[in-house]
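Visitor: need a structure here:
(one chain, ligands or ions: 2)
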Amino acid sequence: MNVILLRYGEIFLKGHNRRFFEQVLQQNILLSLKGYNFDLQKISGRFEISNYDETQEKSIISKLKKVFGLHTLSVAEKMETDYETIKSACAKLDLNGKKFRVTTNRASKIFPVRSMELNAELGGIILENNKDAKVNLHNPDVEIRVDIRENGYTYISTDVIECAGGMPLGTAGKGLLLLSGGIDSPVAGYFLARRGLVIEAIHFHSYPYTSELAKQKVINLAKKLCDYLGTVKIHVVSVTHIQEEIHKKCDGDFMITLLRRMMMRISQKIAEKNELGTLITGESLGQVASQTLQSIKATNAVVSLPVFRPLIGFDKQDIMNIAKKIGTYEISIQPYEDCCTVFLPKNPVTKPRIEKVLKEESKLNIEELLAKSLESEEIIEVSGN
Ligand code: ATP
Ligand code: MG
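Guide: Numbering: from 1, shown residues only. Ligands and ions are numbered 1, 2, ... in the order given. Reported below is the predicted structural model:
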């Protein structure tokens, strides 16, 4: 019988947290495979999926590859731990002339033959039945893993598939992702979700200066993230009146600094209301005028929640590569304008002095502007396919 063996990193699974992590991971596996028929059981240090429809194996695996906390998986043949059975399973392997090696792992020692001897013996049987294959211990094309577990079963697999890694979603609290339509912020959300953080998103628009299509783009990005996140709640908030007010009353070169300070304030309010413990942005040091050290200092100063910026040290190219990998890139490059591009100053300040920022900001009625934005909030819940 074929089963799918799921492996998770155990280094962080110490002490009493372990059961919690495993329970959350198990729940997330079940959620990701909603609609499929299968059995899931926990075996020592692994999960096992059995009794699934083998015609669905590919699509099941592609779902599992997106479950955070799973590090690798293998399709394996499962059999009772019996030497003759193991030998005849090895005899049936078809290696197609490839270089291989056998790696036996005896988690259970009930079986008297040592791993090294087993490797040699099973390797010999495989060679007998695959005349054109060769043993290569250091650089094999195929590693045949013979996993003898404590549960009385042996699992033989010939390939290991990388999964998303990280920590199970839901084991690190909740955060609010500032989600623009750009390339960076979805990637930032992905990285922190991968550390176990549940993500809600906030998007600022300047309707009618920005179009409905810009909002749709953000919904599509959130949907794409649902491959990993399951569901995402998006808080959509207007900043039109704020931009108009800044445009009317303040030094235009400070538009972005002032707007971003307002965005942070609004985000903090919404985070607190929804019990979200951190704000997340896609900022990367020096990428644009608003992401210099001085600009970040000026925007960071108005909030007390921790702000996570997982991309701060990344090059744009690295971020783009990850965006492609997780499928958000194609959506992000669609050409709908972001509210930050409305009333864009010719010479945005790159080193805003805080006294000047405060002086410009004193021309605004911050509480009133904030309240109006919060009133405009629209909540959209999206989920994957
Ligand atoms: P991105 O590619 O994520 O849009 P960017 O390189 O365009 O980033 P900025 O426009 O300076 O950089 O935005 C920096 C960060 O501020 C974004 O990564 C995002 O977290 C947040 N942000 C910017 N615009 C918006 C918006 N309209 N709604 C929500 N968050 C935003
Ligand atoms: Mg942007």
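Visitor: give the buried residues for stretch 229-240.
Guide: 229-240 (16 or more other CB atoms under 10 Å). For glycine as for every other residue, the C-beta is placed from the backbone atoms N, C-alpha and C.
Visitor: from those residues, which ones fall inside strands?
Guide: 231-238 (DSSP state E).
Visitor: make a markdown table out of the buried residues of stretch 229-240 and add distance to ligand 1 and pLDDT.
Guide: Below are the buried residues of stretch 229-240 laid out as a markdown table (distance: CB to the nearest ligand atom, whole Å; pLDDT from 0 to 100):
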| residue | distance to ligand 1 | pLDDT |
| --- | --- | --- |
| 229 | 16 | 96 |
| 230 | 21 | 94 |
| 231 | 19 | 96 |
| 232 | 13 | 98 |
| 233 | 14 | 98 |
| 234 | 10 | 98 |
| 235 | 10 | 98 |
| 236 | 9 | 98 |
| 237 | 8 | 98 |
| 238 | 11 | 97 |
| 239 | 8 | 97 |
| 240 | 12 | 95 |
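Visitor: ok, back up a step: would you point out the most distant pair within the ones in strands among the buried residues of stretch 229-240?
Guide: Distance extremes for these: the farthest pair is 231 and 238 at 23.7 Å, using CB to CB.
Visitor: check contacts around the residue lying closest to residue 333 once chain neighbours are set aside.
Guide: Spatial nearest neighbour of residue 333, excluding adjacent residues (CB to CB, 6 or more residues apart in numbering): residue 183 at 7.2 Å. By CB atoms under 8 Å, 6 or more residues apart in numbering, the residues touching residue 183 are 282, 316, 319-320, 323, 328-329, 332-333.
Visitor: next one: residue 3
Guide: Residue 3 neighbours (CB under 8 Å, 6+ apart): 48-50, 75-78, 155.
Visitor: shaky segments in the stretch 1-150 of the chain?
Guide: Where the stretch 1-150 of the chain drops to pLDDT under 70, the residues are 10-14.
Visitor: again, only this time at 80
Guide: Judged by pLDDT under 80, the stretch 1-150 of the chain has its weakly predicted residues at 9-16, 44, 108-112.
Visitor: with distance to residue 198 as added columns, please give the buried residues of stretch 229-240 in TSV.
Guide: Putting the buried residues of stretch 229-240 into TSV (distance: CB to CB, whole Å) gives the following:
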residue	distance to residue 198
229	8
230	9
231	10
232	9
233	10
234	14
235	14
236	19
237	20
238	25
239	25
240	30
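Visitor: go through the residues you listed and say which is closest to residue 43.
Guide: The closest of the buried residues of stretch 229-240, once distances to residue 43 are taken by CB to CB, is residue 230, at 25.0 Å.
Visitor: returning to what we had before: now, among the ones in strands among the buried residues of stretch 229-240, which is nearest to residue 63?
Guide: Of these, the one sitting nearest to residue 63 (CB to CB) turns out to be residue 231, at 15.0 Å.
Visitor: okay, the helix or strand containing residue 223 in PDB with CA atoms only?
Guide: Applying DSSP states H and E as the criterion places residue 223 in helix 212-229. Output of helix 212-229 as PDB, limited to C-alpha atoms (Å, rounded to 0.1, in the frame of the first residue of the first chain):
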ATOM      1  CA  GLU A 212     -11.900  49.700  -8.200                       C
ATOM      2  CA  LEU A 213      -9.500  47.600 -10.200                       C
ATOM      3  CA  ALA A 214      -6.700  48.400  -7.700                       C
ATOM      4  CA  LYS A 215      -8.800  47.000  -5.000                       C
ATOM      5  CA  GLN A 216      -9.600  43.900  -7.000                       C
ATOM      6  CA  LYS A 217      -5.900  43.400  -7.500                       C
ATOM      7  CA  VAL A 218      -5.400  43.300  -3.700                       C
ATOM      8  CA  ILE A 219      -8.200  40.900  -3.300                       C
ATOM      9  CA  ASN A 220      -6.600  38.700  -6.000                       C
ATOM     10  CA  LEU A 221      -3.200  38.900  -4.100                       C
ATOM     11  CA  ALA A 222      -4.900  37.900  -0.800                       C
ATOM     12  CA  LYS A 223      -6.600  35.000  -2.600                       C
ATOM     13  CA  LYS A 224      -3.300  33.800  -3.900                       C
ATOM     14  CA  LEU A 225      -1.800  34.000  -0.400                       C
ATOM     15  CA  CYS A 226      -4.700  31.700   0.700                       C
ATOM     16  CA  ASP A 227      -2.900  28.800  -0.900                       C
ATOM     17  CA  TYR A 228      -0.800  29.100   2.200                       C
ATOM     18  CA  LEU A 229      -3.000  30.900   4.600                       C
END
